[in-house]
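In: Please find the sequence and the predicted model below.
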Amino acid sequence: MAEEQNRLYVGNIAYTTTSEGLKEHFSSVGEVEDAVIVTFKDSGRSKGFGFVTMADEKTAQKAIAELDGKELDGRPIRVSLARPKTEGGPRES
């Protein structure tokens, strides 16, 4: 699947960062198709990570090279290719 080469995992996100802020930050390197911060279902509070889908693989690689370790809302974010979803999904607690 081509989209898997465009989807990035973004870690160490500040709890105050919004999905819109994440999208805006990544748009500095190219077209962003989607940006979402993962939140707890019960409280809606950020889990401190999210995913960004770039327009193409080349732009995704550029985002990794330029934004990994760079500061967003006071924290150095970690950017890497997202791993494919595993069958069965995440564990529920």
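Out: That came in fine, so what should we check first?
In: Can you show me the helices along this protein?
Out: 19-26, 57-67 (DSSP state H).
In: Flag every buried residue along the first one.
Out: So that's helix 19-26. Judged by neighbour count (16 or more other C-beta atoms under 10 Å), helix 19-26 contains these buried residues: 19, 21, 22, 23, 25, 26. In short, each C-beta sits where N, CA and C put it, glycine included.
In: Contact partners for the last one?
Out: Put plainly, it is residue 26. 8, 32, 35, 52, 54, 63, 67 (C-beta atoms under 8 Å, 6 or more residues apart in numbering).
In: would a markdown table of these with neighbour count be doable?
Out: What follows is those, written out as a markdown table (neighbours: other C-beta atoms under 10 Å):
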| residue | neighbour count |
| --- | --- |
| 8 | 24 |
| 32 | 21 |
| 35 | 22 |
| 52 | 26 |
| 54 | 26 |
| 63 | 23 |
| 67 | 21 |
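In: Please convert those to CSV, extending it with pLDDT and distance to residue 82.
Out: CSV is the format used below for the contacts of residue 26 (pLDDT from 0 to 100; distance: C-beta to C-beta, whole Å):
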residue, pLDDT, distance to residue 82
8, 98, 6
32, 98, 14
35, 98, 12
52, 98, 9
54, 98, 11
63, 98, 12
67, 98, 14
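In: shaky segments in this structure?
Out: Low-confidence segments of the chain (pLDDT under 70): 1-3, 87-93.
In: Let's check: the centremost residue of it is which one?
Out: residue 51 (2.7 Å; C-alpha atoms, centre = their mean).
In: That one and residue 69: what is the separation?
Out: As for residue 51, its distance to residue 69 is 18 Å (criterion: C-beta to C-beta, to the nearest Å).
In: Run a quick neighbour tally on residue 68.
Out: Neighbour count of residue 68, defined by other C-beta atoms under 10 Å: 15.
In: And for it, nearest residue in space, chain neighbours not counted?
Out: Excluding its sequence neighbours, the residue lying closest to residue 68 (C-beta to C-beta, 6 or more residues apart in numbering) is residue 79, at 4.2 Å.
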